[in-house]
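Asks: Here is my input; please provide its structure:
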Amino acid sequence: MWDAHFRAPEAGVARARAMHATATDPGERGWLALTLAFDALFFASQPAVAQPLLDDARASFTRAGDRRGELLCDIGLARIAINEGAPIAARERLCALEAGVRRTLSPQDLFWFLVVMAAAHFFADAFDEAIRDLYEALDVLRTVDARAKLPAIMSNLAAALVAVGGYAPAAELASAALAALADGHPQLVLFARANLAEALAGLGEYARAAEVVDAMLVDAAAASRTPEQNHWFAIAAEVYAHEGRGDDARRVARAAREVHDAFPAGYNDVHALWAEAVVADARDGDDALEMLEAAADAAARHRYPAVLCKALARLAERHAARSDFERAYQASRRLLDAQSSRLSHRASARYVQLRHEYELRHVRSERDRELEKRRETEAMNAELARLNADLQHKMIQIEALQAQLAVEVLHDPLTQLFNRRYLDSVVPGLLGSAERRGSALSLALVDLDHFKLVNDRYGHSAGDAVLREMGRVLPMALRPADIVCRYGGEEFCLVLPDADAAGAQKVLASLAARLRDLRVAWNGQALGGFTFSAGVAMYGTHGTTLGDLLAAADRALYEAKDAGRNRVLVAQAT
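Replies: Now for the predicted structure:
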């Protein structure tokens, strides 16, 4: 009965319900109760129904000495703990079970462990770990050929990717899940639609998101009240508010508050406050700032990055519109911190890499099966060659991705010059070489004069265009052995091996001449007349470490600015 429910949930639970009432054997009763409990947890979203069934099943398994059944009950109880707002405790419980689970349970049973562990990681703000668990669950499904579970996993992956800002792949996964759920379980359809609507909103496709929300709410009206509906209503309120459908937005915001009051655990506090905040923001109410602050604080408290970033972005815009630039700046700083945390591990690149790793494992699995099935046939060799070529192609893709990530780590994305990370890694070696050879080495900090006027007069896009041209021109003015890095903003750092103060000034004079002649095309105009101020420090004279040279060059740079800009000054000897 338990195994049949895995592949055909509706038919399996109907049979289990009919037999459970009259079952007397402890082992039989335990598996029937477990089947009903998991259906309530994972398909009907009714944890209150699942709890007594799991207690009944565990007691039956304990009497029967069935360790497999006990482990599955513990997995179900961990899922209930997550629903009750204790994901960290659930994760600790699952970690303690993991060795026994992997040793005792079949791949089909392991699937449930991975799904619940993914949920624990998701609600504990460990989104990369959640994605990893879900991909392993996908691998398990391939071994047991249970296609009925694929839409649920794709929907869960979409939710995890939305949390880290991977809206495009999330929309693809949610759309694929919906296509596979044409006649599927209503709760899973609603979950997939909610993830698709949120992903589309994240991509700015609000018109499409509104169509999805309309269909979602029609289905939700016929569904029993569950904790997940709070998330659906919050997404609906956001989309309707953006589309100017104020009455609809207020209606679903009230529904979100009602669900929160019935099920206050998990992220429901965040969803309810966000739904109310977007309604207040859309009608430009006096309480909009207060509501947005409340939503941002709740999202920060519960570590829910999707709402935190949206709320802080809106707060910064509102404060700026009111000319309260201090608070706008504070909100922008909080937004930058939240976005940095959200993308700290380059979640979208990690997703691509995980996806390719999954495809690689799939190719290997296909190859191994074909080897076994066609070992004695001529067709086997052709199929093996195809699969090996596929495998090599995927490996090349991953190597290219890794190479791209390695380049991005050491280069500034706007100018394509080296960044501070590269500077910190390579200069100590150059200083050591200068010390051993007794040769000169100079370091210069170069700052474009009056660059703020370009941004103020023509906009930041024009400023970016100028900086991109700087990234092209600067290396052309230097020797092959010289190093140029973007140090920050419109400031650049030049490291000049085998160059004393006179040599550094000669290089900078050549650079100044190039910049005077530089013209940057922008909206039919030619931006030009660029000058810079620079400070130069020399190895030995001004210090023997990178920090010493940067500090000395920085002092000289500020003296050059104070002296009227458009000049190069050598730091005073220390």
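
Asks: Below-threshold pLDDT in the stretch 201-350 of the chain: ranges please.
Replies: When residues are selected by pLDDT under 70, those of the stretch 201-350 of the chain lie in 221-224, 266, 341-350.

Asks: For the helix or strand hosting Ala551, list the C-alpha coordinates in CSV.
Replies: According to DSSP states H and E, Ala551 maps onto helix 546-562. C-alpha atoms of helix 546-562 as CSV (Å, rounded to 0.1, in the frame of the first residue of the first chain):
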residue,chain,number,x,y,z
LEU,A,546,51.3,46.9,-0.3
GLY,A,547,49.5,48.7,2.5
ASP,A,548,52.4,51.1,3.0
LEU,A,549,52.5,52.0,-0.7
LEU,A,550,48.7,52.4,-1.0
ALA,A,551,48.7,54.7,2.1
ALA,A,552,51.6,56.8,0.8
ALA,A,553,50.1,57.1,-2.7
ASP,A,554,46.7,58.0,-1.2
ARG,A,555,48.2,60.8,0.8
ALA,A,556,50.0,62.2,-2.4
LEU,A,557,46.7,61.8,-4.3
TYR,A,558,44.8,64.0,-1.9
GLU,A,559,47.7,66.6,-1.9
ALA,A,560,47.3,66.6,-5.7
LYS,A,561,43.6,67.3,-5.4
ASP,A,562,44.1,70.0,-2.8
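
Asks: Tell me the buried residues in that helix?
Replies: Buried residues in helix 546-562, defined by neighbour count with 16 or more other C-beta atoms under 10 Å: 546, 548-557, 559-561. Every C-beta, even on glycine, is put in place using the N, C-alpha and C of the backbone.

Asks: a markdown table for these, including pLDDT and distance to Leu134?
Replies: Listed next are those as a markdown table, based on pLDDT from 0 to 100; distance: C-beta to C-beta, whole Å:
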| residue | pLDDT | distance to Leu134 |
| --- | --- | --- |
| Leu546 | 92 | 43 |
| Asp548 | 93 | 50 |
| Leu549 | 94 | 49 |
| Leu550 | 94 | 45 |
| Ala551 | 94 | 49 |
| Ala552 | 94 | 52 |
| Ala553 | 95 | 50 |
| Asp554 | 95 | 48 |
| Arg555 | 94 | 53 |
| Ala556 | 94 | 55 |
| Leu557 | 95 | 51 |
| Glu559 | 94 | 57 |
| Ala560 | 94 | 56 |
| Lys561 | 93 | 54 |
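
Asks: Now do the spatially most central residue of the chain against Ala177, distance only.
Replies: Centroid-nearest residue in the chain, with C-alpha atoms, centre = their mean: Val164, separated by 2.4 Å. Val164 sits 18 Å away from Ala177, going by C-beta to C-beta, to the nearest Å.

Asks: and Met538, backbone torsions?
Replies: Met538 has phi and psi values of phi -120, psi 140 when expressed as degrees, to the nearest 10.

Asks: Report the beta-bridge partner residues of it.
Replies: Ser442 (DSSP bridges).

Asks: quick one: contacts for it?
Replies: 440-443, 500-501, 504, 549, 570-571 (C-beta atoms under 8 Å, 6 or more residues apart in numbering).

Asks: Torsion angles phi and psi at Phe418?
Replies: The phi/psi pair for Phe418 (degrees, to the nearest 10) is phi -60, psi 160.

Asks: Enumerate every residue touching the closest residue to it other than its chain neighbours.
Replies: Using C-beta to C-beta, 6 or more residues apart in numbering and skipping residues adjacent in sequence, the residue nearest Phe418 is Cys485, 4.3 Å away. For Cys485, the contacting residues are 412, 417-420, 422-423, 492-493, 495, by C-beta under 8 Å, 6+ apart.

Asks: Throw together a PyMOL command that grabs the buried residues out of those residues.
Replies: Buried residues among these (16+ other C-beta under 10 Å), as a PyMOL selection:
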select buried, resi 412+417+418+419+422+423+492+493+495
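
Asks: Output the contacts of Cys485 as a markdown table; include the columns pLDDT and secondary structure.
Replies: Shown next, in a markdown table, are those (pLDDT from 0 to 100; DSSP: H, G, I helix; E, B strand; the rest coil):
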| residue | pLDDT | secondary structure |
| --- | --- | --- |
| Asp412 | 86 | coil |
| Leu417 | 89 | coil |
| Phe418 | 89 | strand |
| Asn419 | 89 | coil |
| Arg420 | 89 | helix |
| Tyr422 | 88 | helix |
| Leu423 | 89 | helix |
| Phe492 | 95 | strand |
| Cys493 | 95 | strand |
| Val495 | 94 | strand |
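
Asks: Can you tell me which of the contacts of Cys485 is nearest Asn566?
Replies: Lowest distance from Asn566 to the contacts of Cys485 (C-beta to C-beta) belongs to Phe492, with 15.7 Å.

Asks: Given the helix or strand following the helix holding Ala551, what are its sheet partners and their directions?
Replies: Remark: after helix 546-562, the chain's next helix or strand is strand 568-570, criterion DSSP H and E. Strands that pair with strand 568-570, judged by DSSP bridges, come out as strand 532-538 (parallel).

Asks: And the strand or helix carrying Ala177, what does it pack against?
Replies: Using DSSP H and E, Ala177 falls within helix 167-180. On a contact count with 3 or more C-beta pairs under 8 Å, 6 or more residues apart in numbering; DSSP states H and E, helix 167-180 meets helix 150-163, helix 186-202, helix 347-373.

Asks: Mind telling me which of those the model trusts least?
Replies: Among the helices and strands packed on helix 167-180, helix 347-373 has the lowest mean pLDDT, at a mean of 57.

Asks: picking that back up, residues in contact with the helix holding Ala551?
Replies: Helix 546-562 is contacted by residues 423-424, 427-428, 431, 443-447, 493, 533-539, 542-543, 567-572, 574 when judged by C-beta under 8 Å, 6+ apart.

Asks: mind listing the helices in the stretch 201-350 of the chain by residue range?
Replies: All helices of the stretch 201-350 of the chain, identified by DSSP state H, counting those that start in this stretch, fall at 206-222, 229-242, 246-262, 268-282, 288-302, 305-321, 325-342, 347-373.

Asks: packing partners for the shortest one?
Replies: When contacts are defined as 3+ C-beta pairs under 8 Å, 6+ apart, helix 229-242 packs onto helix 186-202, helix 206-222, helix 246-262, helix 268-282.
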